[in-house]
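1. Here you go, sequence then predicted model.
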Amino acid sequence: MAADNDPESEVFEITDFTTASEWERFVSRVEEVLNEWKLTENYVEKTSPEKGAYINGSWEEQSLDIHFADFKFYITHHFLKEDCKKENGKSEEDTLPLAMQDLLCMHNDFPPRAHCLVRWYGLREFVVISPGANCEAIISESKCNLLLSSVSMSLSNSGCQVPMFVQIQQKWRRIYAGECQGPGVRTDFEIVHLRKVPSQYNHLSGLLDIFKSKIGCNLLPLPPVNIAIRYTYILQDWQQSSWPQQPPDFDTLLGGEVGGVEFGNLPFGACEEPISELHLATTWPHLTEGIVVDNDVYSDLDPLQAPHWSIRVRTADNLQCLLGDFITEFFKLCCQKESAEEILGRVNAEEEGQENSDISSALSKLTEPAAPVPLSKLSVSSMVHSARRRIRRHRHIDESPLHVDMLNSILLYLFPDAAVEKSSDKEKTTQANSCRPSEQEKSPDDNLYLQLKSAPCNSLTYRLALCLCMVNYSYGGLAAVAHLWQEFVLELRYRWENNYLVYGLTGGSPDLRCCLLHQKFQMLNCCIERKRARDEARKVQEGNRDRERKVSGGRASVSTTRETPQGKSWDSWSDSEDEFFECLSDQGEMESSHSEAGKDSSKLKADGRLHPYNNMTLLHSAELLYVPVTQEPAPMTEDQLEEQSEVLAKLGTSAEGTHLRARMQSACLLSDMESFKAANPGCVLEDFVRWYSPRDYVEEEVVDEKGSTVIRGELSARMKIPGNMWVEAWDTARVIPARRQKRLFDDTKEAEKVLHYLAMMKPGDLAHHLLPCLLHAAIMKLKQEESVENIPSVEKSIQQAASQANKLLHSANYDYKKLEDFINQLVTMETVITEARSLKAKFAVDEEEENGEAADELEKFVTLLLEEPEVVVLGAGQARIGRIIHRLFINAQRAALLAPVDDDLEPAAESRKIPDFPPPAGREILLRTCVPRPAPYSKALPQRLFCVLMKDEFRLAGAFSADTSFF
C-alpha cells in the first residue's frame, strides 16, 4: 500500500503531438463530405440562371451529420436543380467561381420562396454547417472563429469553389458567416443584425455610405453602384368586404346558428375572414445612384410610380370552416363505445329492465306451447307500445336532449310522406314511389355512391346521415344523436306494423353496392312489401270465397273455417311453421282454374301455372309444358351472406358436410321443383331440366328403326353422376304449388331481425355505418361549390379524393388514421374554395361580369394568387388590377385613420393628411458593384450588400470579395 501512495510510483503519460486533434479530424471530415458530394470539381458555367429560375426551379438538398468532438453538426448542401448540365473542365485563371458570378446577377432578385441565403446573396448552390437539433447555439466569438477557420481550411485543402456558411448566434436570428474561395480570389459573407434601425441608416443615402466605406475603393470616379429596391405594404383591414357567412336568421327553426342551413344541406365556408393579409411589393429593379433620391428629408420612391408590382396573400392560421367542423365532429362519434341507454340514462332502472326483457323475450314467448295470457297481448307491437308509453310518461319534454319541435321537423324531413293522411295508405305509397324516378332524373349520372359504398343521393340513409351530423354539431351532441336514433327506429317499427313503406328507398332486394345500413332499410321495405302482398292476397281470396258462398251455399264457409282456425288472427297464423304462402301473382290463375273446373277434369290436377313455355310439350305426354308460379328467392344483406358463407365453410369437406351443404343451398331448387310438378302433372326430371337448365339437356339427331332422322335428348353427364343433388331433390319433391309451400322468405322474422339490429345499435356504430354517406355528401358539396368558383387545382383534388375514398371505404375495417388524413384533405379543399370566394369578392370579380374580358382577367389573377407564392401585376399601379388594389388600400387607410380623428380635425384638413398607402412594413435595398479590392491595382471583383429595414429588424447581409494574389 505504501508503494501505491508513493508519488514516484505514478506513471506519466506521454502525449503524442503527431496524433490528429479533434479540430483536424473535423476539418478532415468536412473535406470528405465535400469530396463525397463531388463539390471539389471545378465547372465552367456557360449560362447564367434564367429569369424566374429561382421561383420555378426545383430546389433540392442533401444532409449529413458530422461531429466536432462530442458536439453534433448538420452539414447541408442546398442547390438549384437545373436542366442544363455543367461541363467539366479546368477553369481559367481569370474565371470567377459561380457564386461570385451570382452576386451580380440581376435576373432573380427578391425570390418569394427560397432559403434566406438565396434571397440575400442570390446564390444557386451553397453548403451550410449548423448546430444539431438539441445542441446549443454557437455564441462565443472564439468558437465562431474556430468554425470559420475550419471552413477556410476545408475549402483551401479541397479546392471547393462552392460557398460554405456557418450558422452562429441563436437560430431565430438567422445569422450566417461564410466564405467562398476561387483561384486568387476570396469572398467573405458577413451579416449584421439589430433590433432597431439606426436613424442615420433609415434611408438609401445612409446605406450607400455604409457600402462605400466597407468596400474602401480609392478609385476616382467610383464605379456606379447598381440599386434594386423593394417596398412591401401590408393590407389587413377588410371592413369594406362582406362577411364570409350569412348572418343567422333568428326567426327560423335553425335561428342563432352561424351558417345555419335547412335540413339536407351541409354548411360551407369559413366563420371568419380567410385572407388575413395582402402584401403589395413595389419594386424598382434597376436604378443607379444618381437617378433616385431617398434621404431623411425627401424620397422619390412613390409606390404608384414603381414599375413592378407583385401581390401575395397570407391566409389565416387554423381557419374554422363549417363543413370541416361538421365532418370532424361526426367522425369523433365513431370512437364512442357507449350504448344509447347509457347515454340517455335510465329513468327507472327496474322498470326499464322489465320492459327490455319483455321486448327481448317477445319472440320466445310467442313460440311457447302454452301461454297464460292471450296471444294478442304477447305480440311484439303491444310490448313496444307499452314500453314507449312508459318511457314517455317518465321522460319530461324539457329533459329530452332534442327539443320536440326540432325532433318533429327532422322526422318530417326524413319521412315527408307522414304529412299525408294515414287513412289512405295507397295514396302514400303512390306518392312515395312517384318521387323516386324524379330524384333519379335530377342526377342520372351520379354514381359516386357506388364508388364510396354509400347510398344514393336523397335516399333515406343519405338524409339521415346529414340530419345526425347537424344534430351532433348544433343541437345536443351525442345525447341528441341517441335520442333521434331511438325515435327513428320507433318510426320504422310503426311503419312495419301498419304496412307503410319506408320513404326514400328504391324497390327490390337490398343493393349490396351500398352501405350495410342502407341494405337493412331496404330489407325492411322488402318485408313490408311481402306483408302487404300477402294481405292483399288474403283480401282477394276472401272476396272470392264470399262470391262462391253466395253461389254454392255454405260449402265455402266450411273450407274457410278449416283453413283458418278460430281464435287466430292472420298475422299470428303467418308466423306458424305450417303456414301456406299464397303468391299474389297466382290469384288470376286460381280464378281461371275455378271457372274451368267443370269443363276439363284434367286441369283440376294442374295448379300454379303461369304460361306455356315455348310451345314445348312434356316428354311422356302431349300436354304443353307450363312455366310454374314460383316463390321469389329470399333477399339477403351482405352480413347475412357472410354469415351464410361462414356456416357453409364450417361444414368442412367431408362427404357428409358436402351433402349437407348442397341440401342447404338447394332449398330454392326444391321449391321450384315442387311448383313445376304442381303445374305440370305427369312431368319427369328431364322436363324440369329443359325449362330450368337447358344446357343440361343434350339433344342430338339419330336415325330410328324406320330409317328416319329424329331428335332425341338426354340429361348431361353431370346430371347422371351417382348421388346428384338434382336427382335426390326431384325424388323428394312433393306436388305442391307455390302458394301452398312453406315460405322461403319469412318477412315477419326478417323484419324483427332488422328492427332488433337497429334498436341495439350504438351511436358509435351508427356513425361508423353512416360515415361513407357523410363523406359522399361532403364531396358532392365541394363539387358544387367548386363549380361556382372554377378552381382547376381543387377540381383535380376532388377527383383524387374520390378515388382515395373508394379504397378507404371498401375495406372491411376502416383505418381511422387514414380517414382522419382524408378529412383533413377535404378541409384543405374547403379552405381554398373559401379563400377564392373571399378574393373574388375583394377584387370585385362579380361586378365585372358585363365586361367579359376584365372578369376573365380578374378570375385568372385570383386563381394564380391561390396557386403561386407571388403574382406579378402586369401594368403595375396603372392597370385595372392595380387600380383595384390601390382602392383597397385607400379604403383601409380611411377606415383606419378617419375614426380616431373624426372629432378633432376638419374634413378638409383630414383628407389632406391621409396617405393612400400605409408606411411600408418592410424595405429591402440591394446594392451591387464591381470594384478592385483591397488595392487599386487588384482585380475588379463583385461586391454586394442586401439591406432589410423593418419595424423590429435591421439586417445587413454583405458579400465582399478580395484579390488574394495582388493585394
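-> It's in.
2. Of all the residues in stretch 628-643, which ones are buried?
-> Burial within stretch 628-643, assessed by neighbour count using 16 or more other C-beta atoms under 10 Å, is assigned to Pro628, Val629, Thr630, Gln631, Ala634, Pro635, Met636, Thr637, Glu638, Gln640. In short, each C-beta sits where N, CA and C put it, glycine included.
3. Out of those, list just those in strands.
-> Pro628 (DSSP state E).
4. JSON lines please, covering the buried residues of stretch 628-643 and showing distance to Glu728 and pLDDT.
-> Output for these, formatted as JSON lines (distance: C-beta to C-beta, whole Å; pLDDT from 0 to 100):
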{"residue": "Pro628", "distance to Glu728": "20", "pLDDT": "89"}
{"residue": "Val629", "distance to Glu728": "24", "pLDDT": "85"}
{"residue": "Thr630", "distance to Glu728": "20", "pLDDT": "83"}
{"residue": "Gln631", "distance to Glu728": "20", "pLDDT": "79"}
{"residue": "Ala634", "distance to Glu728": "22", "pLDDT": "78"}
{"residue": "Pro635", "distance to Glu728": "27", "pLDDT": "83"}
{"residue": "Met636", "distance to Glu728": "25", "pLDDT": "81"}
{"residue": "Thr637", "distance to Glu728": "30", "pLDDT": "82"}
{"residue": "Glu638", "distance to Glu728": "31", "pLDDT": "82"}
{"residue": "Gln640", "distance to Glu728": "26", "pLDDT": "77"}
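5. Nearest to Ser149 among the buried residues of stretch 628-643?
-> Glu638 (73.3 Å; C-beta to C-beta).
6. does the closest one really touch Leu512, like I thought?
-> Yes. Counting by C-beta atoms under 8 Å, Glu638 does reach Leu512; the two are 5.3 Å apart.
7. Now do the shared contacts for these two.
-> Any residue near both Glu638 and Leu512 by C-beta atoms under 8 Å, 6 or more residues apart in numbering counts here, and that gives Gln519.
8. and which of the buried residues of stretch 628-643 is nearest Asn42?
-> The nearest one, if we look at those relative to Asn42 and count by C-beta to C-beta, is Glu638, at 69.0 Å.
9. Grab the longest strand from the protein for me.
-> Under DSSP E, the chain gives strand 275-288 as its longest strand.
10. for the buried residues of stretch 628-643, which one is nearest Trp120?
-> When these are compared against Trp120 (criterion: C-beta to C-beta), the nearest one is Glu638, at 62.9 Å.
11. ok, back up a step: out of the buried residues of stretch 628-643, what pair is the most spread apart?
-> Pro628 and Glu638 (30.4 Å).
12. who touches the residue nearest to Arg734 when sequence neighbours are not counted in this structure?
-> Spatial nearest neighbour of Arg734, chain neighbours left out: Glu674 (5.7 Å); criterion: C-beta to C-beta, 6 or more residues apart in numbering. Applying C-beta under 8 Å, 6+ apart, one finds that Glu674 lies in contact with Ala733, Arg734, Val735, Ile736, Pro737, Ala738, Gln741.
13. Try it again at 7 Å.
-> Ala733, Arg734, Val735, Ile736, Gln741 (C-beta atoms under 7 Å, 6 or more residues apart in numbering).
14. between those residues, which is nearest Phe488?
-> Ranked by distance to Phe488 (C-beta to C-beta), the contacts of Glu674 are led by Gln741 at 35.7 Å.
15. pLDDT at that closest one, what is it?
-> Here the pLDDT value assigned to Gln741 is 77.
16. Which phi and psi values does it adopt?
-> Backbone geometry at Gln741, expressed as degrees, to the nearest 10, gives phi -80, psi 160.
17. residue ranges with poor pLDDT in the stretch 751-900 of the chain?
-> 846-851, 898-900 (pLDDT under 70).
18. how about 50 then?
-> 899-900 (pLDDT under 50).
19. got the residue ranges for the helices in it?
-> 763-789, 792-809, 816-842, 852-867, 880-897 (DSSP state H, counting those that start in this stretch).
20. which strands and helices sit next to the shortest one?
-> Under the contact criterion of 3 or more C-beta pairs under 7 Å, 6 or more residues apart in numbering; DSSP states H and E, the helices and strands touching helix 852-867 comprise helix 816-842, strand 871-873, helix 880-897.
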